[in-house]
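Q: Make a model of this:
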Amino acid sequence: MSTEKSLTAYVAQFITATKPSHVPADVTHLGKRSILDGLGLALAGNAAESGHIVRTYLKSLGFPTDKGCTVIGTNMKVPARFAAFANGIAIHADDYDDTQLAVAKDRVYGLLTHPTAPALPPVLALGERDNRSGLDVLTAYQLSVEVETKISEAIHPRHYDHGFHSTATIGAIAAAAGASRMLGLNLEQTRRALGIGASQSAGLRENFGTMTKPFHPGRSAESGIVAAEFAKLGWTATPIVLEAGRGFFKAAGGGYDAEMIDGKLGKPWTFAFPGVSIKPHPSGSLTHPGMGLMMELIRQHDIKPGQVVRVRVGTNRHMPNALIHHRPKNELQAKFSMEFCMAILLLERKAGLAEFTDKVVNRADVRKMIEKVEFSVHPEAEAAGYEKMTTIIAIELSDGRKIGGRADFGKGSPANPMTDEELSNKFRECAAWGKLPKANAEKIIDLVFNLEKLGSIRKLTGLLAIGAHRAKPKARKVAKPAKRK
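A: Numbers count the residues shown, from 1 in each chain. Below you'll find the model as predicted:
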């Protein structure tokens, strides 16, 4: 493949040449839904302990914190790269953000990305800085997500299996794509920006259940802006970073399937097929089919906590590879604990932001219920294909009844999507958690669903700022991780 007709050139051409009118109406609407979701999550995420640490760090850098781009949910304004960094962390802080669905059966569901966390913050910050329109930001976001999801689909599954966090690694390339579009880079500049972005690609799944997981998309978002700005200044990089023998696909995944990306950008758009899933619970996406099924069983059979003798949860072999915390000790670990997610639903019949706190995770009744949950590989789920999140539940009750069922996808997936009103209610929940005034929340919902009509994105970002800096939160303090044995 020549430099002139390379895969990287094809991707750069898509970024630079796609017009807003090329994005179908249904894809535009789906993108606005994920943007609204991301903004709400940034409001909630900046109320977390990680948000306090990020703000402390930004203030320590010595530049003014009242000029620049909005750190969502605060009154801080900082240079664009740092606003993208902070907001990328915040969107992913509660692990409540959207997730990409897979196409191929050998593509592990968890291999794919949380598309909005690395894609939205760079284009939003640059849009605010340069006073761009809502349509400019929306189009750049759509292009960023499309590049991100197609690269994620194409790379060999070894990438994720061996420990890379694709939201982080591929997120840096996606962020470079969106930032390049916002800066108006030409084809060759964009190719170089992708090369710079790919060389900043990093993130390991061993950090799941810690603050470093949301650090990944924050750093990727920042890296994308750095990549595009350096490319604009004339910084050099390989123009064939994706497909080269020592490039991203080979180094990070051992290779890629060209048919998953070559000629496939926008054909179809990932938002249209296979779709992007929006979470109803602030936990790892792999827990969601089981959580939806468990709620159905609880309601259908009116299961009381005291009736539960044992719960068996079975999935394919890849899901326990991500849901690694079987006896969580804090809220971040609980997000990657199938056992906690089952236990809290049995006890509370809900699992929202208020349930994922250190205090709740360490309650005596929660610890006791967790001990009744067994999580393992199930042959039926294994045979269903890795593009699904097949979860099989069997519950034994004290009266002798045995009830159960199977779910392949959870609420919020394209197979069972949230309505616009359900999504708006999730945004309201997150906004309230982040202490945003209700009036602002309603205005934001209206602006986002009409984003292409917005003359200046600053009208939106201005509503996302909140009064004074928060004091260090106590309720969401993260416990120190246990020492490895």
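
Q: List the buried residues in the helix-or-strand element of the chain with minimal mean pLDDT.
A: Comparing every helix and strand of the chain by mean pLDDT, DSSP states H and E singles out helix 158-161 as the least confident one, with a mean of 89. By 16 or more other CB atoms under 10 Å, the buried positions in helix 158-161 come out as 159-160. Placement of C-beta: from N, CA and C, glycine included.

Q: Only alpha carbons, please: show the helix or strand following it as CSV.
A: Later in the chain than helix 158-161, the nearest helix or strand by DSSP states H and E is helix 166-183. Only the C-alpha atoms of helix 166-183 are listed here, as CSV (Å, rounded to 0.1, in the frame of the first residue of the first chain):
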residue,chain,number,x,y,z
SER,A,166,-9.0,0.6,23.9
THR,A,167,-10.8,3.7,25.1
ALA,A,168,-7.4,5.0,26.0
THR,A,169,-5.3,3.8,23.1
ILE,A,170,-7.7,4.3,20.2
GLY,A,171,-9.2,7.3,22.0
ALA,A,172,-5.9,9.2,21.5
ILE,A,173,-6.3,8.7,17.7
ALA,A,174,-10.0,9.6,17.8
ALA,A,175,-9.2,12.8,19.7
ALA,A,176,-6.6,13.8,17.2
ALA,A,177,-9.1,13.2,14.5
GLY,A,178,-11.7,15.5,16.1
ALA,A,179,-9.2,18.2,17.0
SER,A,180,-7.8,18.2,13.5
ARG,A,181,-11.2,18.8,12.1
MET,A,182,-11.8,21.7,14.6
LEU,A,183,-8.5,23.3,13.7
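
Q: Please tell me how far helix 166-183 is from the chain's geometric centre.
A: Centroid separation between helix 166-183 and its chain, computed with CA atoms, centre = their mean, to the nearest Å, is 14 Å.

Q: again with stretch 395-407
A: Distance, centroid of stretch 395-407 to centroid of chain: 33 Å (CA atoms, centre = their mean).

Q: Can you report how many residues neighbour Thr190?
A: The number of residues packed near Thr190 is 30, by other CB atoms under 10 Å.

Q: between whichever helix or strand it is part of and helix 166-183, how many degrees?
A: For Thr190, the host element (DSSP H and E) is helix 187-199. Relative orientation of helix 187-199 versus helix 166-183 (axes from the mean of the first three to the mean of the last three CA atoms, to 10 degrees): 150 degrees.

Q: Which neighbouring elements make contact with helix 187-199?
A: If you count contacts as 3 or more CB pairs under 8 Å, 6 or more residues apart in numbering; DSSP states H and E, helix 187-199 packs onto helix 7-17, helix 166-183, helix 212-233.

Q: Quick check: which of these is nearest to Tyr256?
A: Comparison of the helices and strands packed on helix 187-199 against Tyr256 by CB to CB identifies helix 7-17 as nearest, at 8.7 Å.

Q: coming back round to it: out of the helices and strands packed on helix 187-199, which comes closest to Gly404?
A: Of the helices and strands packed on helix 187-199, the one closest to Gly404 (CB to CB) turns out to be helix 212-233, at 31.1 Å.

Q: average pLDDT for that closest one?
A: Taken as a whole, helix 212-233 has a mean pLDDT of 98.

Q: before we move on, what about stretch 384-400?
A: For stretch 384-400, mean pLDDT rounds to 92.

Q: what's the first-to-last distance across it?
A: In stretch 384-400, first residue to last residue: 30 Å (CA to CA, to the nearest Å).

Q: Check stretch 258-269 too.
A: Length of stretch 258-269, first residue to last, CA to CA: 17 Å.

Q: From the rest of the structure, what touches that stretch?
A: The contact list for stretch 258-269, computed with CB atoms under 8 Å, 6 or more residues apart in numbering, reads 7, 10-11, 14, 18, 22-24, 27, 103-104, 142, 146-147, 150-151, 153-154.

Q: how does it look with 10 Å?
A: Stretch 258-269 is touched from outside by 1, 7, 10-11, 13-15, 18, 22-24, 26-28, 30-31, 103-104, 107, 142-143, 145-147, 149-155, 242-243, 249, 256, 270, 272, 274-275, with contacts defined as CB atoms under 10 Å, 6 or more residues apart in numbering.
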